[in-house]
Each structure stands twice: as C-alpha cells, then as structure tokens.
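Asks: Let's see this in three dimensions:
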Amino acid sequence: MWVMLKLRSRSWVFGHFARGACYHAGPAKFASSVHNAVNSPCSIFESNRVLKNLSKEGRIDEARKLFDEMLERDEYTWNTMVAAYATSGRLDEARELFEETPNKSSVTWSSLLSGYCRHGCPGEGFKLFWRMQLDGQKPTQFSLGSVLRACAVSGYLQRGEQIHGYAVKTNFDLNDFVVTGLVDMYAKCRSISEAEYLFATVPERSNHALWSAMITGYSQNGDAYRAMECFKEMRKHGIEFDEYGLPSILASCAAVSGDAFGAQVHCCIVRSGYGVSAFVQSALVDMYAKCGDLSSAKLVIDATEIDGVVSWNSMIMGCMRQGCEEEALYLFKKMHGRDMKIDDFTYTSVLKSLASTMDLKLTKSVHCLILKTRFEAYRIVSNALIDMYAKQREITCACEVFKCMLDKDVISWTSLVTGYAHNGFSEEALRLFYGMTVEGIYPDEMVVASILGASAELTALEFGQQVHGIFVKSGHAFSASVGNSLISMYARCGCIEDADRVFNSMQVRGVITWTALIMGYARNGKAKESLESYNHMIASGVKPDYISFIGLLFACSHACLVQEGRMYFESMTKTYGIKPGPEHYASIIDLLGRSGKFAEAEELLNQMSVEPDPTIWKALLAACRVHKNLELGEKAASNLFKLEPMNSVPYVLLANIYFASGKLEEAAKVWGLMKSRGINKEPGCSWVGINGQVHTFVSEDRGHPRMSDIYLKIDEVLRLIKKVGYVPDLSSALHDVDEEGKELGLAYHNLWRRHKTRIEDDIALHDDKMLNQLNFNYSNSWLSKWTREADLLQTARAECLA
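Replies: Numbers count the residues shown, from 1 in each chain. Here you go, the predicted structure:
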C-alpha cells in the first residue's frame, strides 16, 4: 500500500511538473522536482513525457535542463531533444546534440533535416540527406518530404527531380505523403505540367493535402480558372478541405475578380466552421477587397472577434485600389486608436494613400509615428516615405529620408531619381543616377525610363546614350517603358533617325510607342512622317489615345495642314469618343491662327467645352502677332494678363503687335506696365557641347572668356553669307531696337547643328511655347542654294571653342 502511494505520488509530481506548476511555484521547487524525477525508478518513462511536453510548449531551456539531469537516456530522449532544438530554429545546438547522439535512427536524421529545411538552410539539409544515405540510413517518407519542401521553397527543380528519381527507385512514389510533396515541389518550381501528371497518376485521390497542393500550384502559377475548377472537382469527390488550402483558392478568385465564386467558397467556409480562423478571415477580406467589394470585406472584418493586422492591411489596400484614399486613412486612424500592432505593410499602404492627398500635416504626423515606432529602419517603409514625399513635391524631405537610410537598394535610388525627374529637377536626377552607378547599383527599367526622360528634358544626348548602353549591358529585358522613353529621348534631342531605329527594333508596339514616334516626328518638323505613322498605327489595329492627338494636331499646326487638322480634331469625338482638352484646342487654334482663319478660330474659342487656359490664349496671341491682328491680339493678351500676370510673353508679344501697327504710345505703355510690375523678359539660352565640356550662352552674351573671338568669327561669316543673298527675317525680333540691333541680336543668339558638334537651344519662343520648337530666324530661300556658306555659320562658335 505504501509503495502504491509512493508511486502515485511520483506520478503526480511528474504530471504537475509537466503542466509547469512546479516551475512557476519557484526555481527551488522546480529543481527539487527534477531531482526527484530523475532519481525515481520510473524516471525514464516519466522524464521523456515531461521532456516532450516542455518541447511542445516551446520551453526549450527547461527541457534541456531536464535532459542534462537525466541519469538514463534512451533513443526517444535524444530524438525529442534534437527535434526540440530543430523545430525552434536553434540549429547549431540541434546539430551539436545530433553529433553526440549515440544511436542515430531515421527519426533523429529526419528531425534535424526538417529543421534545416524549415528554417531556410536548404544547403545544409541537402548535405545531411546525402550523408544520411552514405551512413547506411535509409530516408523515410518524412525525410523525403522535408527535402522536397526545401526544393519547393528554394526553387531547386533539378535537385527536386533527383529526389523524385530516388523516390521511384525506393517505391516511395506510391506514398501519398511523398507524392503530395512532389506535386507541391513541381508546382512551386513552375513545372505545373509535371505536377498535373503526378496528380493524375494517383489512383485514389482521397488525401485533401494532395488536392490543396494542386490548387495552390495552379494559383501560384497564375492559372486561377483551373484552380477554381480543381476546387470544384475536389468538392464533387467529397473531399473535405482544411484551412491552409483555402487562401489559395480565395487568391485565385481575387486574381480574376471572381467574387461570385468567392462568395460560394465563403459559404463552404462558414458551413465547415473555418470562418472563425484568423488565417481564413484575412484571406476572405483580401479576396473581397481585391474584387472591389469593400462592403463585404468590411462585413468580414466586423464579424471577427480578434482584430488581425493582416485583415486590416488587406482592407486598406483594397481602399487604395478603388481610389478611396480617405477611407484608407480613416481605417489607419481606427487601427491606431484600437492600439493594434501596426506593421511595415500597414505603413507602406498608408504612405501610398498619402501620396495622392497632398495633406502635408497628416503626412508629417504619420512620419513622426513611424519614427516613434522605429519602423524607419525598415527599408520598405523608408522607400515608401521617399516616394510619398516626391509625389507630394516635397523633394527636400524625400532627399533627407534618403540620406538617413543606411541600407539603400535599387528601389531607394529609383524613388528619388524618379522624384527629381518628375518634379523638374532634371540635373539633380542625372547627378543622382551617376552616384547610383558609382555605388554599384544596377538600374532597373523604371529608373532607366525616368532618367531617359530627364535626359530628354535637358536634351543631354550623350548622357542618354550612356544610359542606353548601361541598360543593354545590365542584361535586363528590353521593356516597352524603356523603349518608349528611348524613342522620346532621341526624338527630343533631334536624333529622329535613332528614335526610328529603336521603334523598329521593338517587338510589341502599344499606343504609347506609336504616340512617342508621332510626337517625335512632329517635334522635328516632319509632319508628313508624323501623319504616316498615325495611319500605320490605325492600320495595325492600335487605337489612338488623348496624347496621340496632341502630337497629331501639333504636326498639322506646324505644317499648316488645315483640312487634315480639322478632320483629325473631329474624329476625336466622333470616331474614338475622346473629349478634346486644352492641349488639343491650343493646337487647332494655333493651326487656324497660323493660316489666318481668325473668324473660325474665334468661333471655336467660343464653343469650347473647356475653359481656355494660358496655352490656348498664347497660341492665339502668337498668331495675331504674325498676322498683325490687333483687336483679337488685345483680347488674348488681356486674358493672359489675368491668368499669368507675371509672365513676360504676352507683354512682349502685345508690344510687338503695337509696334508693327505703328501704335508706339500703346507699345510704350505695355513696356511701362511690364516694368512697373517688376517683370523681366527671360533671355533665350543656348549651349554647345565640345570635347565633353558644355558652353552656355544667352542673347548678346559677353560673359564667355573667348567671346571676342566668337563675335569676330560670326561677323566674318555674316559678311560672307550676305554676299550670296542672305536676308534675315526680323519679324520675331524685339521692336524696341533699331534694324541693325535686331539683326545682330538674332545672329548672336542663333546656333546651328553640324555633324558631331551638337548645339542646343532652349529659347522660349512666342510662337511655340507649348513644345519649345527650335526656330531659326533666317529666310529659307538661300538655304538650298548656299549650303556651303550656311555650314560656315553652323560652325562659327564651335571652331572658336575647339
């Protein structure tokens, strides 16, 4: 009787210890219990049971203390402790104990192997798998399952095929557990056809894990419809699903906006009882949000008992996709008010919402919260901060965030380079891109497209060519965005032949590609080629968009193709349903004005569906200057004075119209008004690149160190070309100087292109402010006849600087 009571007492000690009561009562009592346990006659059985319970609860250090105190250990003891270390990710300790294990069974090997594969060490796992066989230990189904999981996660298809071969040789290819692992491995390694074949060879597909692996494979390989069909087949066979396979089928519904099918799956989930799983609830919210059904997503969130950050993140992202930025920010404030654990994905989504709101005060508040919670150390959050500030035109703040980052990746550099480029800081964008290449960061297609745009803005051809070369060497695929940017860059730099070459090399040509070429030809005065490109685009089945017609009408305007311009303008609404915008009206009014059809231009102006903006009035005013239409010119200038009171262009143009009409007093009043308002005419600027050095000039510039040589050379060339009939066109010159001054001003301003010496001009022309077309103020009559003399003028400044 006494012995029985003693044994019952010992059993109680172990049972109570296994539940943690002794430990929580105090370290002394815990140590005493362990001592009593390991010295009792039945200690090996009881100790192993306690060891197992501690391992399951994750109390690894306590388990190890018990392990060390045990006087006797069997195979189960060693395997339990190795598995505890391996499962918890303490792989070095697991390996050390594994090597000390006296008798290694298949369970010992599989435990360590599973730990390596589960915790991101597939290389060590493969080594252990091969060593296992060399030591004469045959792998089990669990060993093969672990190695196949490592192959699936790491994308090691070739090694997975080797494991498949081994499974066939050892007849494990008939084992459901191994076949499921093989299906999962092939699917995750993008060999979905092999996964399908294996799935079809299984005679009795009653294992729900096998169906889940196939559904997940379809979903992850982008075949959402087959995933949905597979789910339906599984239900027809009466196979029950588990909660871990449901996110895949819900993700497939989201991928094809199949909210109707997703709702049916939701019903199945509710009937099965999995609706209470936070894992499944998050997937449901994500599915409804991606399908645009925000009300259903909100109902799922409201029905959850525990607030899950993943579900709320999905809801915020869903609001973002639907353009409901205010709702997304409201949800974030609600999360913060509930003291939910906000993570890096939450901040990233919220920062994307803030990018379009332009609410700087709220932006700063969120940034402060990020700093308080120390999430600025997360690269994804810092990248989102840079992008947000750049889109809010707070480029200085974006730069500060960038400077504070310790670990920058290509996205960090791309966000700031793109921010500079889109905010008009093209030179800074080029400098930062150079710094990016110095740091050894290879550019992706997004940053290349942005930097090519900045190069086009500065007409920095050589830099653009270098970027083109860097991208080719990087080995990245030649995407449409890069191709389109290259076409625009070469066209804006005057190299339309290179733009055409890039266009012809592109396999896929969308509307943006065609539009870039149409605009390129138009910018370079090739109206015929521009219209031909449009016709080829229509013939290829590509429909024009809003931007396409801007280039098309611009080409018609500068070639004075009135009939064609009218036809294309009317086809916008009648044929393609595109509502004309200010840019289209500006081009068609410019076309009518250039052709002297002011009555028609004024009629169109009165019938416009949009309010005339400064671009439209400038186009009309420039046409009035050419044709000396004083009445309409005064009307256009009056509107420009109200819309852009500090812009010098309307003052100068109106004054010139008055001068040309002999109204000197009115002209003087305009100049006086301009002066009283403190408005200065911005001088035109030209620059020439020679031997890697850029030389910049303004009209009648005296600041260049070799300016005297330049003026002497130009005077010499002017005398030569006048002998052969050159007559300057002074209509674009200022009228408040004498004839000689006008002629010299034009001569000293204009620069020409010749062969390898590229000379650029950024003059803000009154005729063409919108697209900054180069204008050479010389008559065309002598160009075709006296090209040799023209070449002299082309190279006058270049020779002085060479």
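Asks: What are the boundaries of the strands in the stretch 551-700 of the chain?
Replies: 685-690, 693-698 (DSSP state E, counting those that start in this stretch).
Asks: Now do the buried residues in stretch 632-641.
Replies: Leu632, Gly633, Glu634, Lys635, Ala636, Ala637, Asn639, Leu640, Phe641 (16 or more other CB atoms under 10 Å). For the C-beta atoms, the positions are set from N, CA and C on the backbone; glycine is no exception.
Asks: quick one, what contacts the closest residue to Ser88 other than its chain neighbours?
Replies: In space, and not counting its chain neighbours, Ser88 is closest to Ile60: 5.3 Å by CB to CB, 6 or more residues apart in numbering. Contact analysis of Ile60 by CB atoms under 8 Å, 6 or more residues apart in numbering lists Leu54, Ala84, Tyr85, Ser88, Arg90.
Asks: Quick check: Ile60 vs Ala84, distance?
Replies: Going from Ile60 to Ala84 by CB to CB, to the nearest Å gives 5 Å.
Asks: Can you redo the buried residues of stretch 632-641 as CSV, where the extra columns are pLDDT and distance to Arg205?
Replies: Shown next, in CSV, are those (pLDDT from 0 to 100; distance: CB to CB, whole Å):
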residue, pLDDT, distance to Arg205
Leu632, 91, 81
Gly633, 91, 83
Glu634, 91, 85
Lys635, 92, 81
Ala636, 91, 78
Ala637, 91, 81
Asn639, 92, 76
Leu640, 92, 76
Phe641, 91, 80
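Asks: Which neighbours do Ile60 and Ala84 have in common?
Replies: Counting by CB under 8 Å, 6+ apart, the residues touching both Ile60 and Ala84 are Leu54.
Asks: before we move on, the earlier item: for the residue nearest to Ser88, give me phi and psi.
Replies: phi -70, psi -40 (degrees, to the nearest 10).
Asks: Correct me if wrong: Phe569 contacts Gly581.
Replies: No: with contact defined as CB atoms under 8 Å, Phe569 and Gly581 do not form a contacting pair (11.8 Å).
Asks: Looking at the two, which is more packed in?
Replies: Phe569 (21 against 16; other CB atoms under 10 Å).
Asks: OK, contacts around that one?
Replies: Phe569 makes contacts with Phe549, Leu553, Pro580, His584, Ile588, as judged by CB under 8 Å, 6+ apart.
Asks: And the one residue sitting closest to the centre of the chain, how close does it get to Thr418?
Replies: The centre of the chain sits closest to Met446, judged by CA atoms, centre = their mean, with a distance of 6.6 Å. Between Met446 and Thr418 the distance is 7 Å, computed by CB to CB.
Asks: Then Trp312?
Replies: 29 Å.
Asks: returning to that earlier point: tabulate the contacts of Phe569 in TSV, adding columns for distance to Tyr76, pLDDT and neighbour count.
Replies: Shown next, in TSV, are the contacts of Phe569 (distance: CB to CB, whole Å; pLDDT from 0 to 100; neighbours: other CB atoms under 10 Å):
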residue	distance to Tyr76	pLDDT	neighbour count
Phe549	79	94	25
Leu553	84	93	27
Pro580	82	91	20
His584	82	92	22
Ile588	88	92	26
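Asks: So which of those residues belong to helices?
Replies: Phe549, Leu553, His584, Ile588 (DSSP state H).
Asks: any idea how far the closest residue in space to the last one that isn't next to it in sequence lies from Val724?
Replies: This means Ile588. Excluding its sequence neighbours, the residue lying closest to Ile588 (CB to CB, 6+ apart) is Phe569, at 5.0 Å. Distance, Phe569 to Val724, by CB to CB: 42 Å.
Asks: same question, Lys675
Replies: From Lys675 over to Val724 (counting by CB to CB), the distance is 41 Å.
Asks: Next: Ile370.
Replies: From Ile370 over to Val724 (counting by CB to CB), the distance is 70 Å.
Asks: Between these two, tell me which one has more neighbours.
Replies: Ile370 (22 against 12).
Asks: Just give the nearest non-adjacent residue to Gly115, would you?
Replies: Nearest residue to Gly115, sequence neighbours excluded (CB to CB, 6+ apart): Ala86, at 2.6 Å.
Asks: Checking my notes, the one you found in a helix, right?
Replies: Yes: the assignment for Ala86 is a helix, going by DSSP: H, G, I helix; E, B strand; the rest coil.
Asks: Return the residues in contact with it.
Replies: Ala94, Ser111, Leu112, Ser114, Gly115, Tyr116, Arg118.
Asks: what does Tyr186 give?
Replies: Per CB under 8 Å, 6+ apart, neighbours of Tyr186: Leu157, Gly160, Ile192, Glu194, Ala195, Leu198, Gly217.
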